[in-house]
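J.: pasting the structure only:
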């Protein structure tokens with residue numbers, strides 16, 4: 001597998017492509033090859049889930065692209081399961097598949113109409129509920145925070161409305177990522193990535 005970096009002889013557009021193409025997508029002029037590089041396929045090794053296990057609850061996410069991105073992060077971080085709750089898009093939605101790039105076939109997942117019921121079920125199994133949400137009471141996240149030696153459930157919520165208040169009430173801990181700019185929060189998939197990979201780093205050394 002190779003990637004080709006092409007430059008238009010007309011408008012000067014420089015862009016990559018997985019195949020050699022002849023004409024510029026912007027202006028239609030001819031292209032010349034500027035560079036190429038080898039691409040590496042996915043590793044042929046079985047996933048190694050975290051121990052104690054970590055799962056994620058996606059509470060009424062709107063964007064299929066965010067869900068797909070979370071699937072990829074969940075695979076990288078060693079999460080055991082994704083609970084897709086409420087209106088959260090699920091595979092085989094094309095938006096999920098576009099950003100998951102196959103991770104939706106690796107990470108186990110299930111659909112549930114009500115995130116609160118999932119939270120109750122996981123609590124009964126001894127899971128510690130960590131909710132990522134921007135509230136006045138939330139604890140500022142930082143890399144040196146301690147984690148309990150228990151199974152973890154990481155919950156994130158709707159891009160506009162946040163996490164369901166009844167789910168928040170059942171949280172063992174609520175974390176918010178500190179922000180230096182004017183916006184109050186990150187994109188949900190980005191915020192999920194920060195915390196999921198932090199959990200992974202605290203629990204295991206990646207291969």
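T.: Sure, I can see it. This one's a predicted model, so the numbers in the text were calculated from it and none came from an experiment. Numbers count the residues shown, from 1 in each chain.
J.: Just the helices from this structure, written as ranges.
T.: 64-77, 94-100, 115-124, 165-169, 188-203 (DSSP state H).
J.: okay, these, which one's buried deepest?
T.: Ranked by mean neighbour count under mean count of other CB atoms under 10 Å, the helices of the chain are led by helix 64-77, which reaches a mean of 23. All C-beta atoms are positioned from the backbone trio N, CA, C, and that covers glycine.
J.: so that helix versus helix 188-203, what angle?
T.: Relative orientation of helix 64-77 with respect to helix 188-203: 10 degrees, computed using axes from the mean of the first three to the mean of the last three CA atoms, to 10 degrees.
J.: Which of the helices of the chain sits closest to residue 53?
T.: Ranking the helices of the chain by their distance to residue 53 (criterion: CB to CB) puts helix 188-203 first, at 9.6 Å.
J.: and that closest one, how far from the chain's centre?
T.: Centroid separation between helix 188-203 and its chain, computed with CA atoms, centre = their mean, to the nearest Å, is 8 Å.
J.: what's it packed up against?
T.: Secondary structure elements in contact with helix 188-203, counted by 3 or more CB pairs under 8 Å, 6 or more residues apart in numbering; DSSP states H and E, are strand 54-59, helix 64-77, strand 128-132, strand 152-157.
J.: Identify whichever of those lies nearest to residue 185.
T.: With distances scored as CB to CB, the stretch of the helices and strands packed on helix 188-203 nearest to residue 185 is strand 128-132 (9.3 Å).
J.: so what does that closest one touch, helix or strand wise?
T.: The elements that strand 128-132 packs onto, with contact taken as 3+ CB pairs under 8 Å, 6+ apart, are helix 115-124, strand 152-157, strand 173-176, helix 188-203.
J.: mind listing what the residue nearest to the spatial centre of the chain touches?
T.: Note on the chain: the residue nearest the mean C-alpha position is residue 70, at 2.0 Å, using CA atoms, centre = their mean. With contacts defined as CB atoms under 8 Å, 6 or more residues apart in numbering, the neighbours of residue 70 are 56, 58, 61, 82, 156, 188-189, 192-193.
J.: Give me the residue ranges of the chain where confidence is low.
T.: Scanning the chain for pLDDT under 70 picks out the ranges 204-207.
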